[in-house]
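A.B. asks: curious how this folds, go ahead:
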Amino acid sequence: MDGGGDSACGGGAAGALASGGVRVDAVDVAGLCGEDLRARLGVLARAESRLAAMKADALGEIARRNGDGAAAHAATGAMAISGRRARGEVRDAVRLGGLDATREGLFAGSVPVGHAQLIARAAGDAPIDDEFLAARARHEGYDEFRRTVARHVADVSRDDGASLLERQRRARSAKIVTRSSDGMTVLNLVVDPITGARLGTLIAAAERRLFKDEDPAARRTPQQRMADAISQLICDPGAKRPTGASLIVVADYDMANHQLTNGRLADGTPIPIGEIAKIAVDAEVLPAIFDAATGDLRMGRTRRTATDLQRAALALRDKGCVGCGISPERCQHHHIDHWQHGGHTDYTNLVTVCPDCHNDKIHQQGFTAEWDTPGSRYRLQPPTQPPNSSNDPSRAPPVRPPNSSNDPSRAAPR
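C.D. replies: Below you'll find the model as predicted:
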């Protein structure tokens, strides 16, 4: 061991922390209002980022002196974490040592811990622009930023992201574990983005079929429904393929060079152009060709749930949940003008939301879907009054996209 760096052992680190590296006073959260509770979470998140930066510095220094293995061993003992997690922590710490903008953002508390991990892992895949990603990390939610990182890695890769996709496919894994605590079986599956999108789309379609057949008075929870859908797909592979299971792949057409460019999944995750032809061979691919003059996306009151065509159009417009950004295949669709108040099942009256945002934010907290003009997309906005007041937010007139040639409601996939 390099003794020079340890000659001052015996309280220096503890003293430095106590002197004010990170300090968050304890408070009685039961006495805080909702706004103060959210502010409290922000304070804790910034403190967590600063602590993560300090931890990365310490692990990186141990790795510099004694190697990655010694740093992982130290992390396992000092932090009581698994060897696998320790190795991941050390890998990220070593990479952060060369990412000045991300590391500074962590220390300042402006770059969330999860975002910094995404940047560190991307640095192992491509020559990323650290300053660009650190700047975006300050303003984007996790799911949106994950897609930003994926697009950036594809942009700076010299092979259209093919080598990254191949590494992701080599890293696939699966594990079936029986928990000793309760005897339940846990399935853990890690796959590349394309396989994940195909599986997610198929599972979501099976979930919709189960929801349609359920007794409204005894519905499953979303988690139970997903478990039943996966079990059904695995245990009964000969069953009829659920409707709405088409994979949505999007690409731009370069008129000058007569070729497809910018291949991506519906949520914006980039994929190599060469993969589109491969996918088309063994999967039902829905070509999303936008034309304002085609496609009828107005169902009125003839049906309550979105059609396959509407789901495809909404996936491309919203690119995931308008509340949290989770991928569209994990989402359902909400009527902006509520169905029970006479709202129509039309493209312009539907937004993409995940089950949690739909139940908790919209129906419990009274959030509404409003058009964000600067961002050119719908977002969930908190209510100006409590949802139980006489001013029911579900009856408030929604903010619509501008009526112009750029209005996304005028475009429909064919």
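
A.B. asks: just checking, residue 172 touches residue 196?
C.D. replies: No: using Cβ atoms under 8 Å as the test, residue 172 is too far from residue 196 to be in contact (10.0 Å). Glycine gets a C-beta too; all of them are placed from N, C-alpha and C.

A.B. asks: please save the CA atoms from the one helix or strand residue 75 maps to in PDB.
C.D. replies: Using DSSP states H and E, the secondary-structure element containing residue 75 is helix 68-79. Output for helix 68-79, consisting of C-alpha atoms alone and laid out as PDB, is shown next (Å, rounded to 0.1, in the frame of the first residue of the first chain):
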ATOM      1  CA  ASP A  68      -9.900  -1.200  -8.800                       C
ATOM      2  CA  GLY A  69     -10.100  -4.500  -7.000                       C
ATOM      3  CA  ALA A  70      -8.800  -3.000  -3.700                       C
ATOM      4  CA  ALA A  71     -11.300  -0.200  -4.100                       C
ATOM      5  CA  ALA A  72     -14.200  -2.600  -4.600                       C
ATOM      6  CA  HIS A  73     -13.000  -4.600  -1.600                       C
ATOM      7  CA  ALA A  74     -12.900  -1.500   0.500                       C
ATOM      8  CA  ALA A  75     -16.400  -0.500  -0.600                       C
ATOM      9  CA  THR A  76     -17.800  -3.900   0.200                       C
ATOM     10  CA  GLY A  77     -16.500  -3.700   3.700                       C
ATOM     11  CA  ALA A  78     -17.000  -0.100   4.600                       C
ATOM     12  CA  MET A  79     -20.400   0.400   2.900                       C
END
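
A.B. asks: got any ranges where this protein has weak pLDDT?
C.D. replies: Applying pLDDT under 70 to the chain flags the ranges 1-21, 239-245, 258, 280-301, 375, 385-414.

A.B. asks: center of it - which residue?
C.D. replies: Centroid-nearest residue in the chain, with Cα atoms, centre = their mean: residue 143, separated by 2.7 Å.

A.B. asks: who's in contact with residue 91?
C.D. replies: Under the criterion of Cβ atoms under 8 Å, 6 or more residues apart in numbering, the contact list for residue 91 reads 68, 120, 124.

A.B. asks: at 10 Å what do you get?
C.D. replies: 59, 63, 68, 71-72, 120-121, 124 (Cβ atoms under 10 Å, 6 or more residues apart in numbering).

A.B. asks: next, it: phi, psi?
C.D. replies: Dihedral angles phi and psi of residue 91 (degrees, to the nearest 10) take the values phi -60, psi -50.

A.B. asks: let's verify residue 378: helix, strand, or coil?
C.D. replies: Put simply, residue 378 is strand when judged by DSSP: H, G, I helix; E, B strand; the rest coil.

A.B. asks: tell me what it is bridged to.
C.D. replies: residue 371 (DSSP bridges).

A.B. asks: ok, back up a step: which helices and strands does the helix holding residue 75 pack with?
C.D. replies: Counting contacts by 3 or more Cβ pairs under 10 Å, 6 or more residues apart in numbering; DSSP states H and E, the secondary-structure elements packed against helix 68-79 are helix 34-66, helix 83-96.

A.B. asks: any idea which of the ones you listed is most buried?
C.D. replies: For these, average neighbour numbers computed from mean count of other Cβ atoms under 10 Å are highest in helix 83-96, which has a mean of 19.

A.B. asks: what's the following helix or strand after that one?
C.D. replies: Sequence order places helix 100-108 as the next helix or strand after helix 83-96, per DSSP H and E.

A.B. asks: list the buried ones in that next one?
C.D. replies: Taking 16 or more other Cβ atoms under 10 Å as the neighbour-count basis, helix 100-108 is seen to contain the buried residues 101-103, 105-107.

A.B. asks: which one of those residues is nearest residue 323?
C.D. replies: Using Cβ to Cβ, residue 105 is the member of the buried residues of helix 100-108 that lies nearest residue 323, at 24.9 Å.

A.B. asks: quick check: that closest one touching residue 139?
C.D. replies: No: with contacts defined as Cβ atoms under 10 Å, residue 105 does not count as touching residue 139, sitting 11.5 Å away.

A.B. asks: which of residue 172 and residue 196 has more neighbours?
C.D. replies: Looking at residue 172 and residue 196 with other Cβ atoms under 10 Å, you find the greater number of neighbours at residue 196, namely 17 against 11.

A.B. asks: how far away is the more buried one from residue 78?
C.D. replies: Here the distance between residue 196 and residue 78 works out to 34 Å (Cβ to Cβ, to the nearest Å).

A.B. asks: quick check: residue 272 touching residue 169?
C.D. replies: No: when contacts are counted by Cβ under 10 Å, residue 272 is not listed as touching residue 169 (11.8 Å).

A.B. asks: so what sits against both of these two?
C.D. replies: With Cβ under 10 Å, 6+ apart, residue 272 and residue 169 have common neighbours residue 194.

A.B. asks: looking at those two, which is more packed in?
C.D. replies: Neighbour comparison, residue 272 and residue 169: the larger count goes to residue 272, with 19 against 13 (by other Cβ under 10 Å).

A.B. asks: got phi/psi on the more buried one?
C.D. replies: Summarising the backbone geometry of residue 272 under the convention degrees, to the nearest 10, its torsions are phi -60, psi 140.

A.B. asks: could you do residue 382 as well?
C.D. replies: With angles defined as degrees, to the nearest 10, residue 382 shows backbone torsions of phi -70, psi 160.

A.B. asks: can you count the residues close to it?
C.D. replies: Number of residues near residue 382 (other Cβ under 10 Å) recorded here: 11.

A.B. asks: kindly provide the distance from it to residue 135.
C.D. replies: According to Cβ to Cβ, residue 382 and residue 135 sit 26 Å apart.

A.B. asks: so what's the residue lying closest to residue 150 once chain neighbours are set aside up against?
C.D. replies: Distances taken as Cβ to Cβ, 6 or more residues apart in numbering put residue 269 closest to residue 150, at 5.3 Å, once the chain neighbours are dropped. Residue 269 makes contacts with 146-147, 150-151, 154, 161, 193-194, 196-197, 263, 319, 327, as judged by Cβ under 10 Å, 6+ apart.
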